[in-house]
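>>> Give me coordinates for this.
(2 chains)
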2 protein chains.
Amino acid sequence: MRGLMMDYPLVLPAIVRRVETLFPNRKVVSRRPDRTICRVTYRQVVDRVRRLAVALQDLGVKPGDRVATLAWASQEHLEAYLAIPSLGGVLHTLNLRLHPDDLSYIVNDAADRVLLIDESLLPVYEKFRDKVNVEHVIVIGPAKDGHYDTPDLLNYDELLAASDPSRYVEPSFDENTAAAMCYTSGTTGRPKGVLYSHRAVILHSFGQGLVDMLGIGERDTVMPIVPMFHVNAWGLPFTATLFGAGQVFPGTHLDAKSVLELLVRERVTVTAGVPTVWLGVLNELDQHPGEYDLSALRTILIGGSAAPPAMIRGYKERHGLDIVHAWGMTEMTPLGTLCNLPSSLREAPADEQFRYRSKQGTPSPFVEIRARTEDGHAPWDGVTMGELEVRGPWVAAQYYNVNGSDDRFTADGWFRTGDIVTIDPTGCIELTDRAKDLVKSGGEWISSVALETALMGHPCVAEAAVVAVPHPKWDERPLAVVVLKPGSNATKDDLIAFLAPQFAKWWLPDAIEFAREIPRTSVGKFKKSVLRDQYRDRYKQSSADL
Amino acid sequence: MRGLMMDYPLVLPAIVRRVETLFPNRKVVSRRPDRTICRVTYRQVVDRVRRLAVALQDLGVKPGDRVATLAWASQEHLEAYLAIPSLGGVLHTLNLRLHPDDLSYIVNDAADRVLLIDESLLPVYEKFRDKVNVEHVIVIGPAKDGHYDTPDLLNYDELLAASDPSRYVEPSFDENTAAAMCYTSGTTGRPKGVLYSHRAVILHSFGQGLVDMLGIGERDTVMPIVPMFHVNAWGLPFTATLFGAGQVFPGTHLDAKSVLELLVRERVTVTAGVPTVWLGVLNELDQHPGEYDLSALRTILIGGSAAPPAMIRGYKERHGLDIVHAWGMTEMTPLGTLCNLPSSLREAPADEQFRYRSKQGTPSPFVEIRARTEDGHAPWDGVTMGELEVRGPWVAAQYYNVNGSDDRFTADGWFRTGDIVTIDPTGCIELTDRAKDLVKSGGEWISSVALETALMGHPCVAEAAVVAVPHPKWDERPLAVVVLKPGSNATKDDLIAFLAPQFAKWWLPDAIEFAREIPRTSVGKFKKSVLRDQYRDRYKQSSADL
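Numbers count the residues shown, from 1 in each chain, chains lettered A, B, ... in the order given. Modelled structure (predicted):
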């Protein structure tokens, strides 16, 4: 039976055709490892996308097959983003910061048939190649001295040069077909794969074009600092392609100075990354006032972890730049909420605006939220904490290769995020913790995130992480691990005195440890499990003194 | 089998829940026939939507049933927009300007079970009630003298007061289910019904929220002047609800002064209508410079017919207001293209910008366009004319109740719009004519639209329509029918001299007729068939003289 409307699936090949016909001359810019800048047009990119799709098909890649990438941000990585789903394959971005054992586990679990890899990352591949069964490895970038050390490698550019783009035939498939996959970077247990359908990726990109979300459009130039292996750079390369925005890929140089140089030079309008990156950039800006012309930059998207309020304020007050806080999950393609100032706060005092901007925002259209408490769901009062649950068309319904029931999904079809939040009356969430990082003291919850983002507002503090340590009477108590800025000095008492006016007395950390750095996960989040392991025993022994 | 992502259909009940939870306090404003202003919140609207859904179910309305409206723009009409699809029914908006014979044909063709009607429109219903089989008629607005002249009528407010919103149960249905329907206002043949799926309406609304389209968001206040029976007021009430924008419904007073008063008073940011309305408003603004504070207004959306370039320029140069030109069809939910200035023209000279803004724009994401010529498809050169064909997820695949093949759909699945356009290298279309209105002179095409929008740029001309009249040598030649502004004077020679520098000599009308008005269709477009009939014979007889 013919449907009411045309059967027009929401699939990625349609955005490739769209950018080719409507925005052929917009630029895609890559910074190479040697810091040279490579500029191409979407017309050129699309030609190469078709060449890559044909070449992969000639190598035997069939619809549904996984093709992995192990690569920094570049034009070639964008080509893989578009070419693999264009032949019905599944783009699988590998996290190059993972341990070789994790990489081999993931490649085997996904059964990746082909690997696209940066030349500079061949040493990483060397460490796990014996443990995996990848049929073809294609190297992006020329071999030094004319040959690769690893045998049997194909060269990306040679493959494309030999491929005939006119042989590309757009396959016909359902929008619920898998387009991409990522693995969770869980700090506990084995990584789990999440498949994203074409429909999910497209609707997610639509979301990012909405004026109340990121409002990405043709006039923008988008540079994700978040790596392309971190949940598809939060979907930004797909979104920018759909709407014909310019794209800038920063490659391997991700220090603050290099990031700033590229933001200035390419007149980037939207950039995105985890808080650590932006703490470093703010520091560089503070040290060189007026040196960087960021007048084109309209949005710095921050996600992955909560951004310290002091940093949000610093960008705005000292540099006139807006931080937009977001929250998402690997299981959510990944964007869930975004914190734009609602119209009711446009004229509000600066303090109230900053208070709002330090939250993680309201749900995207068609993402639904609720916070589960022990006896139901939390009221939207901005105070009651509960575990955030979500549903929506770009939320995963299952993990790859995981059979049977999974306790991450509720009986009524919501995804349990593992994040503890409050929801205020406007529907704005505030992340208080990962469920496993909450400090449960005397039956009450203490937010480690609130304490550490407050500590990072102290002028001497570079970074701070708060973890629970065992306590005989209160069960758990907060311990702060603090990294001071170089040349700075602050005592435990200074920091506690700084926190005291901001929190209830029983929230204040019992102890503060000073450290040289805080261990991080492969995507730049604090690795609190390591801190807990490190300090648990010490505080268990001395807990009687607390 | 469980899908990759959650099975979360794109259906209208989800936007009702969304606006209730996220934007409960945003306002919906209606101007009543007595010019009083009624303000309610979305929280109140949603309560009434549920009451209406329950009341309709109690009257026997079942999923799939058509419920008709015959009403001006009002809060109650919005409630019907949301309530009928919320119970799985089909919202069918009747065009109150149609002839009673057409109305009875349409009501019978759609098999409408219930009719919601404004009290002021009961006389219209009286004229066709004997020819239709509507089971229940619900009157919006109190009866004069306490009773209606027509028997067996239900009162809208009483029905809602007696209904229990807590009995509303959100039905579960596929996103391809019909949510609404409209009939084409074709000037020839019987009107044909078009059904819109929930998916089509939602994706269309997503499109209107994109920054490169209308960018409608929470901060906006939207007032459609286009009637709610004209392709669902171009989808704006759905879009505004989805994004939590304020809404203003102008009711029955649609003269220029009344429109302006409401734009000013409610600080409307986005408004929309056909060119005639905006010609009148421009005239009123010109006559009363500085009297209307339109500083909140950011977009005047114009569609339905081509807007004269002189009007677009007049709004911008004399009043600082941006006209955004759009093009769509009843068969397209209805938006197809929108003309925002691309970033490459941001710094262009004003003339170049106006030239671009007088076109109908580039296709919305996921709307695809091509222009068919006799021997293939027109190149995107901005010159070659062809019949516009479209496809996309919100383009109809069939007409309601029309069996068998339909020549409006091509063999490869595109919709033939019947509009003649050029497409420029940026993908921007320019409407040159309806296929049937083209003037075919000596084997070449002359655009009646180009001639008439140019004529309307003459200071003495209020309106102009150009039609083809028969010619023995050239087959057809253009005739202009012109309405002069009150008190203005211009001769045929004046007007031809005005056109001469803008067109090739053979494009210039052979004759100009002065008239008191130009006949219009029920949605405000020029009814050229009437003009052709009126002048054809006269020019046939005298054609030897031309």
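>>> make it CA atoms for all contacts and neighbour counts henceforth
Will do.
>>> Count the residues that sit near the residue of the stretch 101-250 of chain A at minimum distance from chain B.
Per Cα to the nearest Cα, residue A:210 is where the stretch 101-250 of chain A lies closest to chain B, at 4.3 Å. Residue A:210 is surrounded by 27 other residues when neighbours are defined as other Cα atoms under 10 Å in any protein chain shown.
>>> residues contacting it?
Contact partners of residue A:210, counting by Cα atoms under 8 Å, 6 or more residues apart in numbering or on different chains, are A:216, B:206, B:209-211, B:215, B:217.
>>> Out of the residues you listed, which end up buried?
When neighbours are counted using 16 or more other Cα atoms under 10 Å in any protein chain shown, the contacts of residue A:210 contain these buried positions: A:216, B:206, B:209-211, B:215, B:217.
>>> Just these: which are in helices?
Applying DSSP state H to the buried ones among the contacts of residue A:210, the entries found in helices are B:206, B:209.
>>> and the buried ones among the contacts of residue A:210 as CSV, adding distance to residue A:247 and pLDDT?
As requested, these are exported to CSV (distance: Cα to Cα, whole Å; pLDDT from 0 to 100):
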residue, distance to residue A:247, pLDDT
A:216, 11, 98
B:206, 23, 96
B:209, 22, 97
B:210, 19, 98
B:211, 17, 97
B:215, 21, 98
B:217, 25, 97
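>>> And the pLDDT at the residue of the stretch 301-450 of chain A found nearest chain B?
When Cα to the nearest Cα is the measure, the stretch 301-450 of chain A has its nearest residue to chain B at residue A:396, with 4.1 Å between them. pLDDT recorded at residue A:396 is 96.
>>> The one 5 residues further on too?
Residue A:401 carries a pLDDT score of 87 in this model.
>>> what packs against the host helix or strand of residue A:389?
In this structure, residue A:389 sits in strand A:386-391 according to DSSP states H and E. Counting contacts by 3 or more Cα pairs under 8 Å, 6 or more residues apart in numbering or on different chains; DSSP states H and E, strand A:386-391 is packed against strand A:368-373, strand A:415-423.
>>> and the following helix or strand past the shortest one, which strands flank it?
Sequence order places strand A:376-377 as the next helix or strand after strand A:368-373, per DSSP H and E. Based on DSSP bridges, the pairing partners of strand A:376-377 within the sheet are strand A:368-373 (antiparallel).
>>> I'd like to know how many residues surround the residue nearest to the residue of the stretch 301-450 of chain A closest to chain B when sequence neighbours are not counted.
Distance criterion Cα to Cα, 6 or more residues apart in numbering or on different chains; nearest residue to residue A:396, sequence neighbours excluded, is residue B:5 at 4.1 Å. The number of residues packed near residue B:5 is 27, by other Cα under 10 Å.
>>> Help me confirm that residue B:5 comes into contact with residue A:200.
Yes: contact criterion Cα atoms under 8 Å: residue B:5 and residue A:200 qualify, at 7.3 Å.
>>> returning to that earlier point: surely the residue of the stretch 301-450 of chain A closest to chain B and residue A:334 touch.
No: because the distance of 9.9 Å does not satisfy Cα under 8 Å, residue A:396 is recorded as not touching residue A:334.
>>> These two: who's more crowded?
Per other Cα under 10 Å, whichever of residue A:396 and residue A:334 has more neighbours is residue A:396, with 27 against 24.
>>> Those residues of the stretch 1-150 of chain A touching chain B, which are they?
Applying Cα under 8 Å from any Cα of the partner chain, we find that the stretch 1-150 of chain A lies next to chain B at A:2-10, A:14-15, A:18, A:21-23.
>>> Of those - the most surrounded one?
residue A:5 (27 neighbours).
>>> Tell me how far that one lies from residue A:127.
Applying Cα to Cα, to the nearest Å, one obtains 52 Å for the distance of residue A:5 from residue A:127.
>>> same check, this time on residue A:348
As defined by Cα to Cα, residue A:348 lies at a distance of 55 Å from residue A:127.
>>> for residue A:336, same thing?
When distance is defined by Cα to Cα, residue A:336 is 36 Å away from residue A:127.
>>> Tell me who's in contact with the residue lying closest to residue A:331 once chain neighbours are set aside.
If the residues on either side of it in the chain are set aside, residue A:331 comes closest to residue A:396, at 5.3 Å by Cα to Cα, 6+ apart. Taking Cα under 8 Å, 6+ apart as the definition of contact, the neighbours of residue A:396 are A:194-196, A:331-332, A:415, B:4-6.
>>> Noted, bye for now.
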